[in-house]
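Coordinates for the following, if possible.
(one chain, ligands or ions: 1)
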Amino acid sequence: MAELLTGEAREQRRAAVADLGAALRELVDAAVRTEVGAPGLAAAAAAARDLAAQLRAGQRGLLEVASVDDPVAGERWYSPVYGPGSPVAPPLLVDSEGGGRVTARVTVPKALEGPPGLAHGGTIATLLDHVLARALRSAGRGGLTATLTVTYRRPVRLGVEHVLHAEVATTEGRRSTARARIVTADDPDTVLAEGEGLFVALRPEAAAHTFAGVDHAPEAWTARP
Ligand SMILES: CCCCCCCC(=O)SCCNC(=O)CCNC(=O)[C@H](O)C(C)(C)COP(=O)(O)OP(=O)(O)OC[C@H]1O[C@@H](n2cnc3c(N)ncnc32)[C@H](O)[C@@H]1OP(=O)(O)O
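This is a model prediction of the structure:
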């Protein structure tokens, strides 16, 4: 079981995790845009395998929560959406959250491209799903996505700053709904894509089953008082 860090030790490790994450995102961007010759690719592959071996020297299991995480607050430092330590997160930057509303910024990188120059539709759905869940969580509503409807109205372009807004729509028992939209920072009135999600909070016994083997209880997904 990974020991969760607190206080200064956690802050120091979080800074190091974020620094490595930023370096790895630069590497991913360089890797998907490179046109160096085959010898250069082979040398980079060897260096990447050396680096992986270095990191695997101290590695947690697949179901273990990272020592820098806060599972109760729902802070996930390797989230593929916002995780500062994730090589694959765009990453999403949350500007404000609370009272059932979230505003966040994102610039979609080349690695998450769909049609040339445009964000992949699945990436857009991921971003919308995340801010929907987060808006609900900020209102004290845990839950997993049961349905997600995405309406793609205009392309979301790579390398352009976008803004996402999400808000809670309805709450009833364990079910909650929220809606979200994505716009460009320069043109906030033109909606590029919209998302509507139904989220269902887990009953405690279902949470035990769903998260069997996870070392720290993920309270953030269950029905909370
Ligand atoms: C903080 C940000 C973190 C970001 C994370 C982003 C969110 C995610 O990625 S979540 C991961 C993706 N989602 C999943 O893996 C969920 C997989 N599905 C499940 O686990 C279950 O189907 C789950 C939890 C949704 C519902 O299961 P369960 O609690 O057993 O539901 P159940 O008791 O049958 O139904 C509860 C209520 O929800 C309704 N409901 C459940 N699923 C659906 C559905 N798909 N459509 C409509 N209604 C539904 C039921 O009708 C019922 O309503 P009522 O109480 O009125 O009768």
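
In stretch 55-74, which residues are buried?
If you call a residue buried by 16 or more other C-beta atoms under 10 Å, then stretch 55-74 has these buried ones: Val65, Ala66, Ser67, Val68, Asp69, Asp70, Pro71, Gly74. C-betas here are computed from N, CA, C, even on glycine.

From the residues you listed, which land in helices?
Among these, no member is found in helices (DSSP state H).

could those residues go into JSON lines alongside distance to the ligand and pLDDT?
Rendered in JSON lines, the data for the buried residues of stretch 55-74 read as follows (distance: C-beta to the nearest ligand atom, whole Å; pLDDT from 0 to 100):
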{"residue": "Val65", "distance to the ligand": "14", "pLDDT": "93"}
{"residue": "Ala66", "distance to the ligand": "15", "pLDDT": "96"}
{"residue": "Ser67", "distance to the ligand": "19", "pLDDT": "96"}
{"residue": "Val68", "distance to the ligand": "16", "pLDDT": "97"}
{"residue": "Asp69", "distance to the ligand": "12", "pLDDT": "95"}
{"residue": "Asp70", "distance to the ligand": "12", "pLDDT": "92"}
{"residue": "Pro71", "distance to the ligand": "11", "pLDDT": "86"}
{"residue": "Gly74", "distance to the ligand": "5", "pLDDT": "86"}
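
Farthest pair within those?
Ser67 and Gly74 (16.0 Å; C-beta to C-beta).

about what we covered before: just send the buried residues of stretch 55-74 back as TSV, with distance to Ala52 too.
Formatted as TSV, the buried residues of stretch 55-74 follow (distance: C-beta to C-beta, whole Å):
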residue	distance to Ala52
Val65	21
Ala66	17
Ser67	20
Val68	20
Asp69	22
Asp70	27
Pro71	26
Gly74	28
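
How about the residues of the protein by the ligand?
Applying C-beta under 6 Å from any ligand atom, we find that the chain lies next to the ligand at 74, 129-130, 133-134, 137, 144-147, 173-175, 198, 200, 202-203, 206, 210.

Is it possible to mark the buried ones in those?
Using 16+ other C-beta under 10 Å, the buried members of these are Gly74, Asp129, His130, Ala133, Arg134, Arg137, Arg174, Leu198, Val200, Leu202, Ala206.

from the residues you listed, which single one is nearest Ala89?
Nearest member of those to Ala89, counting by C-beta to C-beta, is His130, at 10.0 Å.

May I have the secondary structure class of that closest one?
Here His130 takes the helix state, with states given by DSSP: H, G, I helix; E, B strand; the rest coil.

Which stretches in the protein count as helices?
7-33, 38-56, 121-138, 204-210.

Just name the most buried of the ones you listed.
Highest mean neighbour count of the helices of the chain: helix 121-138, a mean of 23 (counted as mean count of other C-beta atoms under 10 Å).

Who are the packing partners of that one?
For helix 121-138, the elements it packs on are strand 93-98, strand 101-107, strand 144-152, strand 161-172, strand 175-184, strand 193-200, judged by 3 or more C-beta pairs under 8 Å, 6 or more residues apart in numbering; DSSP states H and E.

could I have it exported to PDB, CA atoms only?
Provided in PDB are the C-alpha atoms of helix 121-138 (Å, rounded to 0.1, in the frame of the first residue of the first chain):
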ATOM      1  CA  GLY A 121     -13.600  14.100 -30.700                       C
ATOM      2  CA  GLY A 122     -12.900  11.700 -27.900                       C
ATOM      3  CA  THR A 123     -10.600  14.300 -26.400                       C
ATOM      4  CA  ILE A 124     -13.400  16.900 -26.400                       C
ATOM      5  CA  ALA A 125     -15.700  14.300 -24.800                       C
ATOM      6  CA  THR A 126     -13.100  13.600 -22.200                       C
ATOM      7  CA  LEU A 127     -12.700  17.300 -21.300                       C
ATOM      8  CA  LEU A 128     -16.500  17.800 -21.100                       C
ATOM      9  CA  ASP A 129     -17.000  14.700 -19.000                       C
ATOM     10  CA  HIS A 130     -14.300  15.900 -16.600                       C
ATOM     11  CA  VAL A 131     -15.700  19.400 -16.100                       C
ATOM     12  CA  LEU A 132     -19.200  18.000 -15.700                       C
ATOM     13  CA  ALA A 133     -18.100  15.600 -13.000                       C
ATOM     14  CA  ARG A 134     -16.100  18.300 -11.400                       C
ATOM     15  CA  ALA A 135     -19.000  20.800 -11.300                       C
ATOM     16  CA  LEU A 136     -21.100  18.100  -9.500                       C
ATOM     17  CA  ARG A 137     -18.300  17.300  -7.100                       C
ATOM     18  CA  SER A 138     -18.000  21.000  -6.200                       C
END
